[in-house]
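In: need coordinates for the following:
(2 chains)
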Amino acid sequence: DAKTTQPPSMDCAEGRAANLPCNHSTISGNEYVYWYRQIHSQGPQYIIHGLKNNETNEMASLIITEDRKSSTLILPHATLRDTAVYYCIVRVADFLLYNNNDMRFGAGTRLTVKP
Amino acid sequence: DAGVIQSPRHEVTEMGQEVTLRCKPISGHDYLFWYRQTMMRGLELLIYFNNNVPIDDSGMPEDRFSAKMPNASFSTLKIQPSEPRDSAVYFCASSLPLAGASSTDTQYFGPGTRLTVL
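Out: Numbering: from 1, shown residues only, chains lettered A, B, ... in the order given. Below you'll find the model as predicted:
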């Protein structure tokens, strides 16, 4: 069973905020929400992660609902270079519990930033 | 830092041939991961190492696949014999060890090796 659900595609105008949703209704208390992106022909790139508090870094902001069943990745001023597939992953932060299913990225959301 | 380095970037081979993919992780990273990405199955974790020791190889599809990490700065993924269904992009990633209960890992991916088996 998929641990996360994301829309298959989204469009965003250049310079506007891109809000990418992710549902993870079965998330456990010890699981973090991670976001990666993959630009065409490149390896996945880490963006941000969080447990329950909202997080912000130089790339993006992560908003996690109070019940932790969903989250939103926000790119505040999208550029054409942000066009990529964005993956939302939930997993424990403990390698002793690591397993293959935790790192199955799934289909992600294909974000297209348009001029 | 040069990031995770993978070679070759592209590999085209014929069915039945042996294929060896190489990876150099980021210096100081104790964890190394091998992934495979296809259109049908997305990105899948094949195997990962901690301090050069294989920890979980449950994602390795079959015995034709093997991975080694002889030292902290080098790992190989070998397919012998290769088959057309092995065609995919193979990624290597590395991360730092967990520093405590409240820390988490972040994986840094290499550029990938695009393998085509004819």
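
In: in chain A, what residue lies closest to chain B?
Out: Nearest residue of chain A to chain B: residue A:43, at 3.2 Å (Cβ to the nearest Cβ). To be clear about C-beta, it is placed using only N, CA and C from the backbone, and glycine gets the same treatment.

In: could you say which helix or strand holds that residue?
Out: Using DSSP states H and E, residue A:43 falls within no helix or strand.

In: next one: residue B:46
Out: Going by DSSP H and E, residue B:46 is part of strand B:42-50.

In: what does that strand contact?
Out: Residues external to strand B:42-50 that are found in contact with it (Cβ atoms under 8 Å, 6 or more residues apart in numbering or on different chains): A:44, A:87, A:95, A:98, A:100, A:102-108, B:30-38, B:54-57, B:59-61, B:65, B:67, B:69, B:75, B:77, B:91, B:97.

In: buried ones among those?
Out: Among the contacts of strand B:42-50, those scoring as buried are A:44, A:87, A:95, A:98, A:100, A:103-108, B:30-37, B:54-57, B:59-60, B:65, B:67, B:69, B:75, B:77, B:91 (criterion: 16 or more other Cβ atoms under 10 Å in any protein chain shown).

In: pretty sure residue A:79 sits against residue A:16.
Out: No: with contact defined as Cβ atoms under 8 Å, residue A:79 does not count as touching residue A:16 (10.4 Å).

In: give me the buried positions along stretch A:30-45.
Out: For stretch A:30-45, a neighbour-count test (16+ other Cβ under 10 Å) marks A:31-38, A:43-44 as buried.

In: which regions of chain A sit below the pLDDT cut-off?
Out: The model of chain A has pLDDT under 70 over residues A:1-2, A:93-104.
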